[in-house]
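Student: quick one, fold the following:
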Amino acid sequence: QVQLVESGGGAVQAGGSLRLSCAASGRTFSGYAVGWFRQAPGKEREFVAGIRWSYGNSYYTDAVQGRFTISREGAKNTVHLQMNSLKPEDAAVYFCVAGPSLTTSVNEYPYRGHGIQVTVSS
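Tutor: Just a heads-up that it's a prediction; the model follows:
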């Protein structure tokens, strides 16, 4: 079993930055893909970014490309999501997921964190 815990959320003004972190316990991320999804009130869950832990290659949805960066920190078994130039439309509950494949379908990830709120004011 893998337990995922997110941290780093909060409230910022448009144009600001936040860094989310996803820490795993129970096993390492080795061999897994780790992703971030978000869900805003009244909207569908949306893939944001993902990374293959063992290879380091990453993938982003178009809406965040160039503004968000996903990275891994091996010593802490943690994945970070650096979010810059935040926009009001980025506001959502963000949650991290882990699974054997990097995919944009949340149902393909067997492990999921509880989520963390990101608020962006205009």
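Student: just the element for the most centrally placed residue in the chain, please.
Tutor: Centre of the chain computed as the mean C-alpha position; nearest residue by C-alpha atoms, centre = their mean is W36, 2.6 Å away. Assigned by DSSP states H and E, W36 belongs to strand 33-39.
Student: tell me the strands beside that strand, with direction?
Tutor: The partner list of strand 33-39 in its sheet, established with DSSP bridges, is strand 46-52 (antiparallel), strand 92-99 (antiparallel).
Student: among those, which comes closest to S21?
Tutor: strand 92-99 (8.7 Å; C-beta to C-beta). Placement of C-beta: from N, CA and C, glycine included.
Student: what average pLDDT does the following helix or strand past that closest one get?
Tutor: For strand 92-99, the succeeding helix or strand toward the C-terminus, using DSSP H and E, is strand 111-112. Taken as a whole, strand 111-112 carries a mean pLDDT of 97.
Student: touching strand 111-112 from outside, list them.
Tutor: Q1, V2, Q3, L4, F95, C96, V97, A98, G99, V106 (C-beta atoms under 8 Å, 6 or more residues apart in numbering).
Student: now for the second one: which residues touch it?
Tutor: V2 sits next to A24, S25, G26, R27, Y32, A98, Y111 when contact means C-beta under 8 Å, 6+ apart.
Student: ok, the first one next?
Tutor: Applying C-beta under 8 Å, 6+ apart, we find Q1 in contact with G26, R27, Y111.
Student: distance of it from F47?
Tutor: Summarising the geometry, the distance separating Q1 from F47, computed by C-beta to C-beta, to the nearest Å, is 23 Å.
Student: one more: the third one?
Tutor: Using C-beta to C-beta, one obtains 22 Å as the distance from Q3 to F47.
Student: got the CA coordinates for stretch 60-71 in CSV?
Tutor: These are the backbone C-alpha positions of stretch 60-71, laid out as CSV (Å, rounded to 0.1, in the frame of the first residue of the first chain):
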residue,chain,number,x,y,z
TYR,A,60,1.4,18.6,-18.8
THR,A,61,-2.0,19.6,-19.8
ASP,A,62,-2.0,22.6,-22.2
ALA,A,63,-3.6,24.9,-19.7
VAL,A,64,-0.6,24.8,-17.4
GLN,A,65,2.3,24.2,-19.9
GLY,A,66,5.0,26.7,-19.3
ARG,A,67,3.7,27.8,-15.9
PHE,A,68,3.8,24.6,-13.8
THR,A,69,6.7,22.3,-13.3
ILE,A,70,6.6,18.9,-11.8
SER,A,71,9.7,17.4,-10.3
